[in-house]
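S.K.: 3D model of this:
(chains A and B)
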Amino acid sequence: MGIKTSTLPGDKVGMHSRVEELENLLNLDSDDDVRVVGIYGMGGIGKTTLANALYDSISNLFAGRCFIDDVNKSYKVDGPTEVQKQLLRQTLNEENLQIWNHPMGSNLIQTRLCQIKSLVVLDNVDKVEQLGKLAMTRECLGRGSRIIVVSRYDRILKEHGVDEVYKVQPLDYFDALQLFCRKAFKSDDIMSGYEGLTDDVLRYVGGHPLAIEVLGSSLYGREVSEWRSALERLKKNPRKDIMDVLRISFDGLDDSEKDIFLDIACFFDRKKEAWVKKILNFREFYPGIGLPVLIGKSLITCEYGFICMHDLLKELGKSIVREKSPKEPRKWSRLWDYKDVHNVISKSMVK
Amino acid sequence: MFATTQATENLEAIVLDRDIMVEMEAMATLRAEALAQMSGLKLLMLWNLNFSGSLDFLSSELGYLHWDKYPFTCLPSSFQPDNLVELILPHSNITQLWKGTKVL
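M.R.: Predicted coordinates:
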């Protein structure tokens, strides 16, 4: 059974007007200076989708182009030199360019990019130091260049000193409705008999695209009674916490599907599908059935043969593993963090 | 002597990400005896950890064991690999899988 490559989360609903707003902030007509624009907003609000849509729309205006899709992870996995290498290889379009150490990377960035009008997008920046270590000041880049920094945290953008900040807003009612209908009815319109329910659901979810997508997908093909019980759950969520909305979809899974969800959240994001399937099979979680269910519910995607899960859903999964005893990792079903493994192993030994 | 103080029977899977750079505190040496307490362990994938001590027991539930730099010369003789599907021990000190004979 194959897994279909899904479209980007959130599709393109509501993207057009946002891309236009960003293009205005970027002041694309001016080639005199280098501008840095920050994009921020909560997890699942659509920052990456927007950054991708913007890149598609304007990258042809630049001679050098670079999109680093997860700066935070690249730092953790490969360190600053690898991030510099990605930046230089993409911008200069030199696939084989070698960098042996951080000073050499910094030097190349400061000397090789200044003649090129470039567009550099840095997605998922988690700490301001990650920008500092890149050693790419605006003076390094050619005239007319644009740098776009994407982060959950606006303070990082302010600390770094960007020219403009763009906050990604929740979807308005009509965009939220359109996205919801595509997921819940696989159509652009509300299915008859579901008008009132749709209205109620959207009122509780707000305009959060990931929540709309996940909840909408989980309601696809469901009876009115199941919609009502989801609504009851939403009404008990006075804080309008997105995690609680996502949780409704998790709770609707059967046991094996829940286990697959938790394994992927804790261990297997961005791992090869065939390998993950092999391990889930041995775990007796029936991935042949479960993975397509999770894809259908927008909880995971499979892209280029890799299993992917949104950061916010990973946080949900990990919090579910921790929830009964948040401070006692030895009671959890799964351990994924070196620190927790140390904690458990040290505490189970007493002289 | 070491004694059990806290059980870890809920624990069914430990999978560490080999790609994550390990911070200094994680480089400290761990006592392998602790793994003997994890009686429900089904999936164990370890990277970048240093163990000392001795390993006398591993969960017989264990089905998938991937241990980079396994520090001992053999697997615990009490280990019942009834559920074992894959055993991957790169860079290990293994000289023989078990002491004595094993009915598989």
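S.K.: What parts of chain A come near chain B?
M.R.: A:76-77, A:79, A:263, A:266-268, A:279, A:282-283, A:330-336, A:338-339, A:341-342, A:344-351 (CB under 8 Å from any CB of the partner chain). Every C-beta, even on glycine, is put in place using the N, C-alpha and C of the backbone.
S.K.: Those residues in helices, which ones?
M.R.: Using DSSP state H, the subset of the residues of chain A next to chain B located in helices is A:76-77, A:263, A:279, A:282, A:338-339, A:341-342, A:344-347.
S.K.: Can you select the buried ones among those for me in PyMOL?
M.R.: Remark: buried members of those, expressed as a PyMOL selection using 16 or more other CB atoms under 10 Å in any protein chain shown:
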select buried, chain A and resi 263+279+282+338+341+342+344+345
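S.K.: got the ones in helices among the residues of chain A next to chain B as a markdown table, with pLDDT and distance to A:Met42 columns?
M.R.: Shown next, in a markdown table, are these (pLDDT from 0 to 100; distance: CB to CB, whole Å):
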| residue | pLDDT | distance to A:Met42 |
| --- | --- | --- |
| A:Lys76 | 86 | 21 |
| A:Val77 | 84 | 24 |
| A:Asp263 | 98 | 26 |
| A:Ile279 | 94 | 32 |
| A:Phe282 | 90 | 37 |
| A:Tyr338 | 86 | 28 |
| A:Lys339 | 86 | 26 |
| A:Val341 | 89 | 30 |
| A:His342 | 86 | 31 |
| A:Val344 | 88 | 32 |
| A:Ile345 | 84 | 35 |
| A:Ser346 | 80 | 36 |
| A:Lys347 | 74 | 35 |
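S.K.: Distance of the closest residue to chain B within the stretch 51-200 of chain A relative to A:Asp70?
M.R.: At 4.5 Å from chain B, A:Val77 is the closest residue in the stretch 51-200 of chain A, using CB to the nearest CB. Distance from A:Val77 to A:Asp70, counting by CB to CB, to the nearest Å: 9 Å.
S.K.: how about the nearest residue to A:Phe185 once chain neighbours are set aside, secondary structure?
M.R.: Nearest residue to A:Phe185 in three dimensions, chain neighbours excluded: A:Met191, at 4.7 Å (CB to CB, 6 or more residues apart in numbering or on different chains). When classified by DSSP: H, G, I helix; E, B strand; the rest coil, A:Met191 comes out as coil.
S.K.: re the thing from before, which secondary structure element contains the nearest residue to the residue of the stretch 51-200 of chain A closest to chain B once chain neighbours are set aside?
M.R.: Spatial nearest neighbour of A:Val77, chain neighbours left out: B:Asp19 (4.5 Å); criterion: CB to CB, 6+ apart. In this structure, B:Asp19 sits in neither a helix nor a strand according to DSSP states H and E.
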